[in-house]
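Enquirer: attaching a predicted model along with its sequence, questions to come.
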Amino acid sequence: MSLLGISLKDFILARLGLQSYDVGRFEAQRKFVHILSSANAFFGIGPGNYELYSRMATHSLYARYIGERGLFGFSLFVMFWVIVLKKLLKSRSIL
């Protein structure tokens, strides 16, 4: 099957393979795991300090938040939004 002169099979195979930008993203994620395992994983390294440790962005807002605020801070963040969402849904009589 061809769409606009591009083979669907070739398009899918190209997207399944590694792209040049994937290497940088995987490196950033590897550094995130290293920071989390070497630093205080429970409390994190502090807000705004991620680039001081890794010299590159995480390319993931969740990874950055966990790295900077730790698992404890991320848990509080998730609980806050769960409570807000529940209250919002209750106020609209959805729950």
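Expert: Here it is on my side, so go on.
Enquirer: can you give me phi and psi for residue 63?
Expert: phi -60, psi -40 (degrees, to the nearest 10).
Enquirer: cool, and residue 47?
Expert: phi -60, psi 130.
Enquirer: just give the number of residues close to it.
Expert: Neighbours of residue 47 under the rule other Cβ atoms under 10 Å: 11. To be clear about C-beta, it is placed using only N, CA and C from the backbone, and glycine gets the same treatment.
Enquirer: that one reaches residue 68, doesn't it?
Expert: Yes - using Cβ atoms under 8 Å, residue 47 makes contact with residue 68 at a distance of 5.1 Å.
Enquirer: okay, residue 64: pLDDT?
Expert: On the pLDDT scale, residue 64 is placed at 84.
Enquirer: host element of it?
Expert: helix 61-91 (DSSP states H and E).
Enquirer: can you give me how far that helix is from the chain middle?
Expert: 13 Å (Cα atoms, centre = their mean, to the nearest Å).
Enquirer: show me where pLDDT drops low in this structure?
Expert: The model of the chain has pLDDT under 70 over residues 1-5, 17-22, 39, 93-95.
Enquirer: report the central residue of it.
Expert: residue 60 (3.1 Å; Cα atoms, centre = their mean).
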